[in-house]
Every structure is written in C-alpha cells, then in structure tokens.
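Colleague: one predicted model, sequence on top.
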Amino acid sequence: MSLHKNWLKFNGIKKERGFNRHHITINHNGQIHIGRQAHIDLGRPRAVTLYYEPDQKKIAIEPADPRDPGSVPLIAKTFGAHYVPGAQFIRQNRIHIAGTEAFIKPELNHNGILILDLTETTRVGRGRNPGPGWKPDPRERLEG
C-alpha cells in the first residue's frame with residue numbers, strides 16, 4: 001500500500017507469554033468475572049475463598065469446597081465463564097472500584113491460587129447507563 005510519508009505504521013501488540021490467556025474483571029458491584037480458561041486452570045472449582053493483601057492491593061482467589069466455611073460460590077455464566085459475587089468482600093476490605101476494571105496480568109501461582117493486582121488494571125466497558133428518561137445537558141453539547 002502506498003501512503004504519504006507522514007503515515008506511521010502500527011507494528012502490532014507485543015505478545016507476552018500467556019497474552020490474554022486469562023480474562024478476569026471486577027466491577028463496582030464487587031462481581032469478579034472469571035473467563036473460561038482461567039476457570040479451567042483453577043481446576044473448575046464450584047466455590048472459592050477470597051483473600052486481600054491491603055499493602056500490595058492484591059486479591060487472591062483460591063479454589064475451595066462449597067461446604068468450607070467462608071467459601072464463596074461461583075455462579076455460572078455463558079460459554080464457561082463464571083463470576084464471584086464479592087460485594088461483601090469489597091465492602092469489608094474497603095476496595096473502591098469505579099466502573100469495570102480488567103486485570104492486565106492475572107497470575108496463577110504454583111499453588112493454583114489466582115493473584116489479581118488492583119494496581120494493574122485497565123478500564124473496560126462503556127460506563128454506567130444513566131437509565132431511561134435521562135437527557136444530556138444542552139449546555140454540554142459540543143459544537144461541530
């Protein structure tokens with residue numbers, strides 16, 4: 001393709017080992033969404049135990065038996081994904097999530113525990129829907 005000399009070519013995304021292997025997000029309601037591959041690599045648990053390390057701002061997700069005290073059930077979604085209903089967990093640990101955040105480098109350690117770093121996330125989604133009947137402020141309209 002011949003373009004003018006001012007065009008800059010995008011050389012692609014740097015693919016690190018395990019790139020996009022585990023898709024995990026957390027939202028403002030405390031739901032931790034775990035993609036299919038991450039659920040498989042955790043051993044397809046029916047429940048998990050949640051831990052929080054406040055100094056490092058990290059969440060640990062450990063597979064657990066649903067009958068264990070303190071375990072949280074995994075709720076099945078579509079296509080093999082699951083989510084952890086963690087509203088009480090984020091309230092108890094005073095974790096603030098503004099919207100939906102995707103973890104950039106979720107780590108599965110040698111003990112089979114998933115480590116999520118809250119300082120290494122990226123915002124995903126469109127933000128909150130203001131609901132029916134919402135109208136934008138005409139003073140904020142951009143002139144085009």
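Modeller: That came in fine, so what should we check first?
Colleague: does the lowest-mean-pLDDT helix or strand in the chain pack against any helices or strands, and if so which?
Modeller: Across the helices and strands of the chain, mean pLDDT, DSSP states H and E gives its lowest value to strand 121-124, namely a mean of 89. If you count contacts as 3 or more CB pairs under 8 Å, 6 or more residues apart in numbering; DSSP states H and E, strand 121-124 packs onto strand 100-103. The way it works is simple: take the backbone N, C-alpha and C, and place the C-beta from them, glycine included.
Colleague: can you show me the strands along this structure?
Modeller: 24-27, 31-34, 47-53, 58-64, 72-73, 75-76, 82-85, 100-103, 107-108, 114-117, 121-124 (DSSP state E).
Colleague: can you list contacts of the third one?
Modeller: Taking CB atoms under 8 Å, 6 or more residues apart in numbering as the criterion, the residues outside strand 47-53 that touch it are 42, 58-66, 68, 70-74, 84, 86, 89, 93, 95.
Colleague: rerun at 7 Å
Modeller: The contact list for strand 47-53, computed with CB atoms under 7 Å, 6 or more residues apart in numbering, reads 59-66, 68, 70-74, 84, 86, 89, 93.
Colleague: list buried residues within these.
Modeller: Neighbour counting with 16 or more other CB atoms under 10 Å marks 59-64, 71-72, 74, 84, 86, 89, 93 as buried within those.
Colleague: wait, isn't Glu76 in contact with His82?
Modeller: Quick fix: residue 76 is Ala, not Glu. Yes. Using CB atoms under 7 Å, Ala76 is in contact with His82, at 5.6 Å.
Colleague: who's in contact with Leu114?
Modeller: 38, 42, 60-61, 106, 108.
Colleague: oh, I was asking about Leu108
Modeller: 41, 114.
Colleague: partners of it in the sheet?
Modeller: For Leu108, the beta-bridge partners under DSSP bridges are Leu114.
Colleague: tell me, what's the model's pLDDT at it?
Modeller: At Leu108, the model reports a pLDDT of 92.
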